[in-house]
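Participant: no letters, just coordinates:
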């Protein structure tokens with residue numbers, strides 16, 4: 001299945017994985033907590049990617065992956081990290 005992905009889509013997925021990996025590494029050094037830092041970095045990458053997509057004149061399309069799909073993935077990942085950070089399951093009990 002991977003062999004049938006076109007080169008543009010493959011590079012898009014590679015960029016997404018790279019951005020998430022760099023964000024995770026940088027979030028490890030954050031002082032505000034891993035999930036909060038990861039959420040902020042992913043949102044920042046999403047905004048930068050959206051600006052890039054607008055500057056390149058890309059449009060939403062259903063037939064091929066482009067940077068707007070990457071913006072969507074980064075935004076969903078950022079929101080997911082933010083929701084996880086606010087989850088009562090991850091909150092520490094205060095004595």
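Facilitator: It's in. Not measured: the values here are computed from a predicted model.
Participant: contacts, neighbours, all on C-alpha from now
Facilitator: Fine.
Participant: can you count the residues close to residue 23?
Facilitator: The tally of other residues near residue 23 (other CA atoms under 10 Å) stands at 20.
Participant: element containing residue 36, please.
Facilitator: helix 34-55 (DSSP states H and E).
Participant: same question for residue 71.
Facilitator: helix 67-86.
Participant: buried ones in that helix?
Facilitator: 67-71, 73-79, 81-82, 84-85 (16 or more other CA atoms under 10 Å).
Participant: list the helices and strands it packs on?
Facilitator: Helices and strands touching helix 67-86, by 3 or more CA pairs under 8 Å, 6 or more residues apart in numbering; DSSP states H and E, are helix 7-28, helix 34-55.
Participant: who are the packing partners of the first one?
Facilitator: What that stands for is helix 7-28. helix 34-55, helix 67-86.
Participant: tabulate the ones you listed (a markdown table), appending distance to residue 5 and mean pLDDT.
Facilitator: Below are these laid out as a markdown table (distance: least, CA to CA, whole Å; pLDDT from 0 to 100):
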| stretch | distance to residue 5 | mean pLDDT |
| --- | --- | --- |
| helix 34-55 | 21 | 92 |
| helix 67-86 | 15 | 90 |
